[in-house]
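**Student:** this one's structure only:
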């Protein structure tokens, strides 16, 4: 079939061809009086597949011609085309070009543009692009309000595409401070606080699964210690027997550990949500988080505390998300904006594998 190049789209005037493209192929946008207008992504794909011949006046454009022209019109067209082609051919989903904050709208499996609304709003990026996480949070909230999902299609240097789905999360658990009465005394040694009285150790465990018993010595992390001092459940002295109040321990911890204040804010917020929070170093994150008794359940979340205004590189995101998927946990970025915490989940995803998804 024949199409005419018109600055930034291709016009197929023949009514029969237009009906076939739109009705059976889900390509294009119907024209008044018959035929369809094709965007440049659709045009390139149809030319590549040998289903369309595009003319600029009397000159027939090759696939290379129209790809070069499109790349001069649309920024990062090569990345966009790779993602578009992968979804359209590799996953069998209907996908349309978008403008503004999103690159593509993607329909669910088995859905058509004539009888359904898009399931995803997608951004196509190179693995070399930095990711503004606050912008992703805004996009996730916006798409959720529109009853859609936010996807990123990330293209590596070999042209393979990996997809990530973003969710705004509101994590919650079942472990809130109990009526157990008690108080503990701890000694600050290096970057942890030790409690030696076994009755006090039992209290800390019963109060909310704080700390850990190792080789007969009960130890608390600095974030746990700060939290418990703030709750009036712990007193801490240093090696010189000097008492440390909340501000004193916070100042010490901030000098000892990077990003301590942000981590403490996230830890406190998670605890106030009824979650049990433990160290996440073995998983490459700040925290592993349980919704109930950690002795009887697995951690549900891996949480990493980050400033609200931060950029990450996609290889870093990929490593973190792959690890969390391998251990069947949800990875959340806890974004600290003053005293407010926003939680954003990154999920490795394969669009099109679940009907309607």
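**Tutor:** Received the coordinates, thanks. All figures in this text were calculated on a predicted structure; none of them were measured in a lab.
**Student:** mind listing what residue 9 touches?
**Tutor:** Neighbouring residues of residue 9 by Cβ atoms under 8 Å, 6 or more residues apart in numbering: 37, 38, 39, 40, 43. For glycine as for every other residue, the C-beta is placed from the backbone atoms N, C-alpha and C.
**Student:** from those residues, which two are the most distant?
**Tutor:** 37 and 40 (10.9 Å; Cβ to Cβ).
**Student:** So in terms of bridging, what pairs with residue 194?
**Tutor:** For residue 194, the beta-bridge partners under DSSP bridges are residue 187, residue 219.
**Student:** sorry, back to before: between the contacts of residue 9, which is nearest residue 163?
**Tutor:** Nearest to residue 163 among the contacts of residue 9 is residue 39, at 21.3 Å by Cβ to Cβ.
**Student:** For the closest one, give me the pLDDT.
**Tutor:** Confidence at residue 39, expressed as pLDDT, is 95.
**Student:** Show the contacting residues for the closest residue in space to it that isn't next to it in sequence.
**Tutor:** Nearest non-adjacent residue to residue 39, counting by Cβ to Cβ, 6 or more residues apart in numbering: residue 97, 4.5 Å away. Contact analysis of residue 97 by Cβ under 8 Å, 6+ apart lists 39, 40, 41, 42, 80, 84, 103, 104.
**Student:** ok now the helix or strand of the chain with the lowest mean pLDDT, how far from the chain's centre?
**Tutor:** When the helices and strands of the chain are scored by mean pLDDT, DSSP states H and E, helix 314-326 comes last with a mean of 80. What separates the centre of helix 314-326 from the centre of its chain is 10 Å, taken as Cα atoms, centre = their mean, to the nearest Å.
**Student:** And it, what's buried?
**Tutor:** Within helix 314-326, the residues that qualify as buried are 314, 317, 318, 320, 321, 323, 324, counting by 16 or more other Cβ atoms under 10 Å.
**Student:** For the helix or strand following it, which strands pair with it and how are they oriented?
**Tutor:** For helix 314-326, the following helix or strand on the C-terminal side (DSSP states H and E) is strand 330-337. Here strand 330-337 has these sheet partners by DSSP bridges: strand 301-307 (parallel), strand 340-349 (antiparallel).
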